[in-house]
Each structure stands twice: as C-alpha cells, then as structure tokens.
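> Compute the structure for the input listed below.
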Amino acid sequence: MPAAATVRRSEEPMIWLLHGRPGTGKTHVLKYVRELFENFLGYVQGIDFQFTAFQATNAADIKGETLHAACGLTKDMDCLETACTPDTAQRIAHWRWLIADEVGMISARLLGQVETRTRRTVPNAGQFKHDAMGNVRPFAGLNVLFSGDFRQLPPPEGGFLADLPAKLQAPGKTATGAAERDPLVDLGQGIFWEGAVQGVTELFERVRCKDDWWNEVVDELRDGKLSEKNHKYLHGRPVEGCTLSQEERRSRKRLVDGP
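Down below sits the predicted model:
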C-alpha cells in the first residue's frame, strides 16, 4: 500500500475500534501504539495519552490504569455527581489519546460515564472540544482507540455496548436485560451505533496459539456452539471414531473432574 494511501482524509479526532478474536494480536498492536507515542512522538503516559482497561489485571498487562481510576470514577451509580480531583481533571484536560482495551468488558453505562466525564472536564477553550458548528465532539475531542472482542460474555450489568440502542429498536422491543432505560446506557451504546466510532480494523490471523484443535474449541465457545465431539474431548470422554493416540486424547482433557 502506498504511504499516501494510509493518510487520513479527515481532520476530525479519531475514534476507532480494533477488533478480533482471541490471539489475533490486539495487545501486540497496542504495544506498537505505545512505542509510537513514547519513542517517536515523545508523549508521556498520563499527560498526553492514557492506556486503560476495565479490570486491573488487564490494565497492568498494557501498563495502564483502570477506566475508573484514570477518569476519577467510582462504582456508585451517581459518581458523576461528584467532581474528580483537580489532579485528575488536569490530566484529562491534557490528554490527546485515550486507549481502552478489552472493550467487551466495558458496560455501556461506564462508557457513558467516561464520555460525560471528559466532556465536563475538558475546558471549553480546548482546541478540539468543539467542531466547526460549535457542537461538543464525542469525548470532548479526544482521539479514542477501543480494542477487544464483542463476541465474548457481556458485562453482568450496565448494558452491553453491542446491543442495539432502544431508539433504534422496533416499538415494544428492549435491549438485552433492560427493563427501564438508563440515559447513560443509551449514551454509551450510541457511541458505537450512531456514528461516533468512525470505523473498525478487524484482525483475523491467529498468532498466539498454533494448536488448530484448541483454536477450533475457542471459536466454538465464542459462537456459543460447542460441538458434542469437543465437549467429550474436554471432559476426557470417549469420542466415536477417534484416531488420536491415548496421549493426544489425554492432552485434550482440560476440565478437572469434580468430587
């Protein structure tokens, strides 16, 4: 691809999704993004950019912080009623990039809280906060990169980002598990369904695991269609017509027998 073809044709801040099944290299891409920021652009984490994830373990893997910590949020439903600390507000006001890993774990409500926090915290005089029409941009003009896989278990509460927002559903329909609509859930889902996210880069090639059988199992679990054959292999049960050696069959038993 010619270098000129990689240049964006828009001056709008970028909001993008890096998506792919497990093992396709999403985390590796984020390492290169960090290398670009720190080694070539001279950016500093926490000042110019912020790496985040929902869980602390995932945040540690990418040398970042949890979304709650980075944005000065708590787990309380009304956490936006309390302003963040001056130090947190100052950091958010300086950010140019926000990277959110494992986006499938992030509830729609939490993303709505993050968007609201940035919009309220970035000063109105911020260079990128408003578009040419004077409207506040999503995330107050931050560049945002989401990374993850929506074909995994959804968050237990707070709305799933991949669910169709209520306003886009047929009359009488509601999103998964939603009895009463939460404005923050609608805001979070709207970021993905109403044009704020400008595009998707999908990764397909598996680079982490070269075991074809295990990749097959992962894909079946991801699709919610675990085959009877692989269910038996995982439990160490006989499989009709199996030609594997005893050692190979033992290696496929991944579940520990209960009492």
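
> Without its sequence neighbours, what residue ends up closest to the residue nearest the centre of the chain?
What sits nearest the mean C-alpha location of the chain, by C-alpha atoms, centre = their mean, is V103, with 1.4 Å. Leaving out its chain neighbours, the residue that sits closest to V103 by C-beta to C-beta, 6 or more residues apart in numbering is G148, at 3.7 Å. Just so you know, the C-beta spots here come from the backbone N, C-alpha and C atoms, and that holds for glycine as well.

> what helix or strand is L145 on?
Using DSSP states H and E, L145 sits within strand 143-148.

> list the helices and strands that strand packs on?
Under the contact criterion of 3 or more C-beta pairs under 8 Å, 6 or more residues apart in numbering; DSSP states H and E, strand 143-148 touches strand 15-20, helix 26-35, strand 97-101.

> Now with 6 Å, please.
Here strand 143-148 touches strand 15-20, strand 97-101, going by 3 or more C-beta pairs under 6 Å, 6 or more residues apart in numbering; DSSP states H and E.

> returning to what we had before: so the residue nearest to the centre of the chain versus P156, what's the distance?
16 Å (C-beta to C-beta, to the nearest Å).

> Mind jotting down where the helices sit in the stretch 51-200 of the chain?
For the stretch 51-200 of the chain, the helices defined by DSSP state H, counting those that start in this stretch occupy 56-61, 67-71, 86-94, 108-121, 183-193.

> Doesn't R250 belong to a helix?
Yes - using DSSP: H, G, I helix; E, B strand; the rest coil, the assignment for R250 is a helix.

> how about it, what does it touch?
With C-beta atoms under 6 Å, 6 or more residues apart in numbering as the criterion, no residue contacts R250.

> surely Q152 meets V103?
No - Q152 lies out of contact with V103 (C-beta atoms under 6 Å); the separation is 10.2 Å.

> so where's the stretch 1-150 of the chain shaky on pLDDT?
The stretch 1-150 of the chain contains residues with pLDDT under 70 at 1-9.

> From V136, how far out is the residue lying closest to N124 once chain neighbours are set aside?
Setting aside the residues directly before and after it, N124 is nearest to H130 in space (C-beta to C-beta, 6+ apart), at 7.6 Å. To V136, H130 is 6 Å away according to C-beta to C-beta.

> returning to what we had before: packed most tightly, which of the helices and strands packed on strand 143-148 would that be?
Highest mean neighbour count of the helices and strands packed on strand 143-148: strand 97-101, a mean of 22 (counted as mean count of other C-beta atoms under 10 Å).

> That strand to helix 108-121, inter-axis angle?
Interaxial angle of strand 97-101 relative to helix 108-121 (axes from the mean of the first three to the mean of the last three C-alpha atoms, to 10 degrees): 170 degrees.

> Next, count neighbours for L226.
14 (other C-beta atoms under 10 Å).

> tell me the contacts of it?
Contact partners of L226, counting by C-beta under 6 Å, 6+ apart, are E220.
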